[in-house]
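Q: here is a sequence with its predicted model. Questions after.
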Amino acid sequence: MTDAAEARRLIEALNYDYAHAIDDDRIEAWPDFFTPDGRYVVTTRESIARGLPVGVMTCSSPGMMQDRVLSLRRANVYEPHVYRHLISAVRVTGQENGVWRAEAGYAVIRTMQEGDMAIFSAGKYVDKVAIADGTAKFKERVVICDSHRIDTLMVIPI
């Protein structure tokens, strides 16, 4: 059984490893951060406040995430860019039936091919995390963007 301190340590490591994989262009590893029934949703603070359940992007399984990675690598046409995640205020908010709830603030800085940088997205992650055998994986990651304006160039996971 994992105690709260160990859960927090594992969840922080999961967040940081997730960010490094995306920032280092190891997007193929993205689905591996999720359980086999894992779910990924990007939505907005406004949608949450209004009770609107449909996300801007929803992947209801790692298979859907793998399809997204494949299309990103082979089919999508977009200006090359990279992300740099800043993650802060990781906190564990509870646990039920072996699944931990956690939140963290994030900001993603996007650097375009020509060097222009801008804050691409900021908000919070609301996660359900399964921990087994000392390994943490997302059962669900809901990305809640502070702004209701979502850039159409969201091809890389946040």
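A: On my side now, so go ahead.
Q: tell me the SS of residue 66?
A: helix (DSSP: H, G, I helix; E, B strand; the rest coil).
Q: which non-adjacent residue is nearest it?
A: Spatial nearest neighbour of residue 66, excluding adjacent residues (CB to CB, 6 or more residues apart in numbering): residue 31 at 5.1 Å. For glycine as for every other residue, the C-beta is placed from the backbone atoms N, C-alpha and C.
Q: in contact with residue 154, which residues?
A: 42, 56-57, 121 (CB atoms under 8 Å, 6 or more residues apart in numbering).
Q: which among those gets closest to residue 65?
A: Closest approach between those and residue 65, by CB to CB: residue 57, at 10.3 Å.
Q: elements contacting the helix or strand harbouring residue 107?
A: Assessed by DSSP states H and E, residue 107 sits inside strand 99-112. Using 3 or more CB pairs under 8 Å, 6 or more residues apart in numbering; DSSP states H and E, the elements in contact with strand 99-112 are helix 4-23, strand 81-96, strand 117-132, strand 135-145.
Q: so where's this protein uncertain?
A: 1, 76-77, 151-153 (pLDDT under 70).
Q: is it possible to export the helices and strands packed on strand 99-112 to TSV including mean neighbour count?
A: TSV is the format used below for those (neighbours: other CB atoms under 10 Å):
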stretch	mean neighbour count
helix 4-23	17
strand 81-96	14
strand 117-132	17
strand 135-145	20
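Q: so which of these comes closest to residue 36?
A: Nearest of those (CB to CB): strand 135-145, 9.1 Å.
Q: show me what that closest one is packed against.
A: helix 4-23, strand 34-44, helix 45-49, strand 99-112, strand 117-132.
Q: hmm, try it at 7 Å
A: helix 4-23, strand 34-44, helix 45-49, strand 117-132 (3 or more CB pairs under 7 Å, 6 or more residues apart in numbering; DSSP states H and E).
Q: what pairs with whatever helix or strand comes next after the shortest one, parallel or antiparallel?
A: Counting by DSSP H and E, the element after helix 45-49 in chain order, helix or strand, is strand 57-59. Strand 57-59 has the following sheet partners, assigned by DSSP bridges: strand 34-44 (antiparallel).
Q: what angle do the partner strand and strand 135-145 make?
A: Following axes from the mean of the first three to the mean of the last three CA atoms, to 10 degrees, one obtains 10 degrees for the angle between strand 34-44 and strand 135-145.
Q: state the pair within the contacts of residue 154 that is farthest apart.
A: 57 and 121 (11.6 Å).
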